[in-house]
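1. Any chance you could fold what I've pasted below:
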Amino acid sequence: EYRTKVVEAGGVDKMLEFLLQSNKPFDRILPPGGDVPCPSIWLQVVSNCIKDGFLQPDALAKDVQHKVLNNINGVFQDMSNFQERSIFGSKDYWIKCLMFFSGLLSGLLTSQNKRIGDFLLKQKSLKEFL
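-> Predicted coordinates:
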């Protein structure tokens with residue numbers, strides 16, 4: 001399946017690498033005029049990849065969920081800063097990312113892998129965000 005091939009080729013890893021730089025202006029990470037006009041696209045793709053049943057085999061899906069959980073802290077900090085409301089140096093990007101970030105959290109919280117949801121629910125900052 002193409003989804004599995006994209007993940008195995010490092011697609012999610014590369015998106016997480018970009019998302020780890022959420023404290024930098026977007027045009028410093030990717031030059032303007034490229035194929036990705038907004039970082040919300042990365043969040044949308046990553047959000048889809050962590051949903052139960054989206055990737056096969058299940059072991060790959062769980063691996064992706066753990067990778068995302070371990071590499072999303074910076075994005076979480078930016079998205080949960082309601083005073084600045086800025087990600088990648090932009091309030092507009094923050095607004096565009098909010099829906100996909102919420103979907104990402106929902107996918108992790110409702111995962112069949114209960115350990116992920118249990119871990120997230122123990123995070124004080126998540127409760128404040130929700």
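
2. Spatially nearest residue to the residue nearest to the spatial centre of the chain, not counting backbone neighbours?
-> Nearest to the mean C-alpha position of the chain, counting by CA atoms, centre = their mean, stands Leu43 at 4.4 Å. Excluding its sequence neighbours, the residue lying closest to Leu43 (CB to CB, 6 or more residues apart in numbering) is Phe100, at 3.8 Å. From N, CA and C alone the C-beta is placed, and that goes for glycine too.

3. Could you do Leu108 as well?
-> Ile116 is the one closest to Leu108 (CB to CB, 6+ apart), at 5.4 Å.

4. still on that earlier bit, quick one: residues in contact with the helix or strand encompassing the residue nearest to Leu43.
-> Using DSSP states H and E, Phe100 falls within helix 91-109. Contacts of helix 91-109 from elsewhere in the structure, counted by CB atoms under 8 Å, 6 or more residues apart in numbering, are 26, 38-40, 43-44, 46-47, 50-52, 65, 68-69, 72, 75, 78-79, 84-87, 116-117, 120-121, 126, 129-130.

5. Can you mark which positions in the helix or strand hosting Leu120 are buried?
-> Assessed by DSSP H and E, Leu120 sits inside helix 114-121. By neighbour count on 16 or more other CB atoms under 10 Å, the buried set for helix 114-121 is 116, 120.

6. Just the angle for it relative to helix 91-109, thanks.
-> With axes from the mean of the first three to the mean of the last three CA atoms, to 10 degrees defining the directions, helix 114-121 sits at 130 degrees from helix 91-109.
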